[in-house]
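> test case, fold it:
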Amino acid sequence: MKLSCLQENLSRGLSIVGRAVATRTTLPITQNVLLSTDEGRLKLAATNLEIAIVTWVGAQVEEEGAITIPAKLLADFVGSLPADKVEMTLPAGSKVMELRCARFQARITGSDADDFPPIPRLGEGVTTAVAADEFRQAVTQVTLAAATEDVRPVLTGVQCEFEGDTLTMASADGFRLAMRTLSLAQPVAEKVSAIIPAKTLNELGRLAADQQDPIQITLSPQKGQVLFKLKSVEMVSQLVQGTFPNYRQLIPQSHTNKAVVPVAEFMRATRMASIFARDGSGIVRLVINPGEGVAAGKMVVSARADEVGDNVGELDAKVEGQPSKIAFNSKYLTDVLGVVKQAEVTLETTTPSSPGVLRPIGDDSFVYVVMPMFVQW
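Next up is the predicted model:
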């Protein structure tokens with residue numbers, strides 16, 4: 001193999017596939033990156049057996065070939081090179097890759113490309129597409145509620161339901177639920193659903209940060225895999241096997257109190273309260289009162305810790321219904337307020353022991369349900 005490419009492009013490609021390089025593994029070769037020539041380009045691939053990422057780098061190819069190289073070593077070396085042309089040479093029958101750039105050179109020992117785990121290819125399945133910017137936003141809104149512990153593996157994933165021209169994404173960790181619907185750029189002919197790991201979607205969101213074109217999705221529940229195609233990048237992931245809970249039943253259909261508050265002020269008051277809540281089990285208390293006459297309603301946000309102290313914050317609210325008290329984990333509130341793009345949010349409550357529901361004003365596509373904390377009022 002003999003080729004040359006720009007240091008900047010090679011470094012970017014290695015950082016992209018580096019997301020899929022295994023860190024702790026019983027299969028050492030998954031800590032390598034696969035380099036191979038592909039139709040006049042340099043193809044980079046990495047896999048940790050759960051996800052696989054492939055990207056292509058523009059190159060001037062003189063001789064075809066393939067090899068796997070330790071990913072971190074190669075990425076660190078290439079990242080340290082000056083912005084110049086990198087020449088890569090692999091003599092026939094050798095496992096030592098030679099790299100040259102400006103006045104620097106290195107020889108890196110690799111492994112046979114045939115020993116690298118095959119990257120899955122999805123030939124059949126349900127194929128659709130979704131707008132990149134809308135999908136990125138949906139990912140940030142739903143993955144925050146996915147479980148991080150593997151006690152119940154299905155809860156570490158996001159339930160994705162494709163039907164007609166709509167994609168519904170939902171996650172739940174037992175304490176909160178996030179549900180987001182978005183439009184598909186390419187409708188599906190049949191209804192299909194799958195549980196995609198939240199880690200996969202978060203990585204995809206990073207990869208699609210600058211993506212303008214729609215993201216193509218090919219889903220193959222029979223094979224237990226999903227393929228995402230971006231511009232010059234492909235990502236394949238294993239699906240989570242199991243049955244996701246019926247999350248729609250967890251969304252309250254009625255409420256006795258409805259408060260509309262500015263997102264920025266609600267976030268500020270919650271963050272202040274969370275400073276004191278650190279030593280009080282993370283509990284933030286909300287007291288909501290409707291206004292009297294022409295006076296505006298109020299939401300009082302407070303927290304206290306016996307050995308530290310307490311704080312109280314007050315903000316105006318448009319309140320409908322009865323006075324209400326409820327307590328939440330401060331993290332669950334700041335997480336959702338951080339991903340709401342609208343200026344105002346609605347908080348719907350029923351009793352101090354019933355779930356609270358947050359909905360952005362002017363956006364019916366996102367719903368967030370959070371379980372209350374039990375406190376002595």
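
> now do the contacts for residue 377.
The contact partners of residue 377, by Cβ atoms under 8 Å, 6 or more residues apart in numbering, come to 285, 325, 352. The C-beta positions use only the backbone N, C-alpha and C, and glycine is treated the same way.

> any idea of the pLDDT on the first one?
Read that as residue 285. Note for residue 285: predicted pLDDT of 96.

> check which helix or strand it maps to.
Using DSSP states H and E, the element containing residue 285 is strand 283-289.

> who's in contact with that strand?
Around strand 283-289, the neighbours that count as contacts under Cβ under 8 Å, 6+ apart are 257, 259, 270, 273-274, 277, 297-303, 317, 319, 323-330, 333, 347, 349, 373, 375, 377.

> can you give me the helices in the stretch 251-377 of the chain?
263-277, 330-337 (DSSP state H, counting those that start in this stretch).

> tabulate the ones you listed (a markdown table), appending mean pLDDT, distance to residue 145 and mean neighbour count.
Below are the helices of the stretch 251-377 of the chain laid out as a markdown table (pLDDT from 0 to 100; distance: least, Cβ to Cβ, whole Å; neighbours: other Cβ atoms under 10 Å):
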| stretch | mean pLDDT | distance to residue 145 | mean neighbour count |
| --- | --- | --- | --- |
| helix 263-277 | 95 | 17 | 20 |
| helix 330-337 | 96 | 8 | 21 |
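
> make a markdown table out of those and add distance to residue 237.
Putting the helices of the stretch 251-377 of the chain into a markdown table (distance: least, Cβ to Cβ, whole Å) gives the following:
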| stretch | distance to residue 237 |
| --- | --- |
| helix 263-277 | 32 |
| helix 330-337 | 24 |
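
> and the ones you listed: which comes nearest residue 215?
Of all those, it is helix 330-337 that lies closest to residue 215, at 24.1 Å by Cβ to Cβ.

> outside of that closest one, which residues touch it?
141, 144-145, 175-176, 178, 263, 266-267, 270-271, 273-274, 277, 282-284, 303, 345, 358, 368, 370.

> quick one: low-confidence ranges for the protein?
Within the chain, the ranges that satisfy pLDDT under 70 run 280, 293-294.

> can you list the domains in it?
In terms of domains, the chain is parsed into 2-115, 126-248, 252-370 (source: automatic domain parsing).

> nearest spatial neighbour of residue 119, skipping sequence neighbours?
Of all residues beyond its chain neighbours, the one nearest residue 119 is residue 52 (4.9 Å), with distances taken as Cβ to Cβ, 6 or more residues apart in numbering.

> separation between residue 29 and residue 116?
6 Å (Cβ to Cβ, to the nearest Å).

> hey, what's in contact with both of those two?
residue 68.

> re earlier: between the helices of the stretch 251-377 of the chain, which one is nearest to residue 21?
That would be, of the helices of the stretch 251-377 of the chain and by Cβ to Cβ, helix 330-337, which comes in at 28.4 Å.

> sorry, back to before: the strand holding residue 285 pairs with which strands?
In the sheet, strand 283-289 lines up against strand 297-305 (antiparallel), strand 324-329 (antiparallel) (DSSP bridges).
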